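Enquirer: How does the following fold in three dimensions:
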Amino acid sequence: MSIDNLKAIVSKKNGLAKSNRFNIIFTPPTQSLLNLNPDVLIGSLVSGSFNARNLISDPRDISLLCQGASLPGRQISTIDYIAEKQNVPIPYTVIDEDVQCKFLLTNDYYIKTLFDNWLSSIVNLDNYSVGYKKDFATDVVIQQLDEKNIPVYGVRLENAFPTTVAGIELDQAQSSGPMELNVTFSYDRYVPEGPTSSTLSGVSAILDALT
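Expert: Below you'll find the predicted structure:
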């Protein structure tokens, strides 16, 4: 194996995949097309930061604010079976990893408010009742993109919902760098998708947000 052979293989496979070329598409069930949250509207008017464009919830905003995501792994669980005095692993189910995402926080705390509302739809903290999964779960599409922003691979997380929204540290000793919010998603299962099926899943997720 020479470096020339490696370069030829990489060239034949359209180059190396890059971790910063990705896209995530989803719309929380609690988010509507019109953003008429009175707290947000009054706060923006008082602060002088009101922008009419914020009245429309654009699904692309979530994608652009996402600074990191993970394509989940899958582990096959086995049990030991003794055969001819030797343990033999027998597969019986699979375990899918939770998905970690990292989002930028804007001054209107759009992402934090979004996930606060989503969590409230899962568990009502007034009476600690749990909602129906069909009402708080949604499909999440994560795509690996090439240099032309075309999906080359993707996964669709079926019936996904946030299980952990990490705390936010405020510290005067820190620099004025951007703040981030870490979120963990759980889901029923993930479905690997190729370029065409992942593109269709992404379009479907956006259309669901507009209907």
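Enquirer: give me the number of residues near Phe161?
Expert: Neighbourhood size, Phe161 [other C-beta atoms under 10 Å]: 21. All C-beta atoms are positioned from the backbone trio N, CA, C, and that covers glycine.
Enquirer: Can you pull out the low-pLDDT segments for the protein?
Expert: The chain contains residues with pLDDT under 70 at 1, 31-57, 206, 208-211.
Enquirer: residue boundaries of the strands in it?
Expert: Remark: strands assigned in the chain by DSSP state E are 22-25, 66-69, 74-83, 86-96, 99-104, 123-124, 129-130, 138-145, 151-165, 180-186, 189-193.
Enquirer: what angle separates the longest one from strand 138-145?
Expert: It refers to strand 151-165. Angle of strand 151-165 versus strand 138-145, following axes from the mean of the first three to the mean of the last three C-alpha atoms, to 10 degrees, is 140 degrees.
Enquirer: what comes up buried for strand 151-165?
Expert: Residues 151, 153-157, 160-162, 165 are the ones in strand 151-165 that count as buried (16 or more other C-beta atoms under 10 Å).
Enquirer: which residues touch stretch 65-79?
Expert: By C-beta atoms under 8 Å, 6 or more residues apart in numbering, the surrounding residues in contact with stretch 65-79 are 22, 24, 89-104, 106, 110-111, 142, 144, 153, 155, 157, 180, 190.
Enquirer: thought Cys133 was touching Asn159?
Expert: If you look again at residue 133, you'll see it is Lys, not Cys. Yes - counting by C-beta atoms under 8 Å, Asn159 is a contact partner of Lys133 at 6.5 Å.
Enquirer: neighbouring contacts of the lengthiest helix in the chain?
Expert: When the chain is parsed with DSSP state H, its longest helix is helix 195-210. Helix 195-210 is contacted by residues 23, 25-27, 31, 33, 57, 59, 138-141, 143, 150-154, 156, 193 when judged by C-beta under 8 Å, 6+ apart.
Enquirer: re the thing from before, among the contacts of stretch 65-79, name the buried ones.
Expert: Buried among these by 16+ other C-beta under 10 Å: 22, 24, 96, 99, 101, 103, 110-111, 142, 144, 153, 155, 157, 190.
Enquirer: Report the beta-bridge partners for Val99.
Expert: Beta-bridge pairing of Val99 under DSSP bridges involves Phe185.
Enquirer: any idea how far Ala8 is from it?
Expert: Going from Val99 to Ala8 by C-beta to C-beta, to the nearest Å gives 35 Å.
Enquirer: and stretch 169-183, how far apart are its ends?
Expert: 14 Å (C-alpha to C-alpha, to the nearest Å).
Enquirer: and Cys66, what are its bridge partners?
Expert: For Cys66, the beta-bridge partners under DSSP bridges are Phe103.
Enquirer: Can you report how many residues lie near it?
Expert: Burial of Cys66 is recorded as 20 neighbouring residues (other C-beta under 10 Å).
Enquirer: mind checking how far it is from Phe136?
Expert: Taking C-beta to C-beta, one finds Cys66 at 20 Å from Phe136.
Enquirer: Ok, Pro59 next?
Expert: 18 Å.
Enquirer: Which among the strands of the chain is found nearest to Ala173?
Expert: Closest approach to Ala173 among the strands of the chain is made by strand 180-186 (17.3 Å; C-beta to C-beta).
Enquirer: quick one: contacts of stretch 131-139?
Expert: Here stretch 131-139 makes contact (C-beta under 8 Å, 6+ apart) with 26-30, 118, 121-124, 156-161, 187-188, 201, 205, 208.
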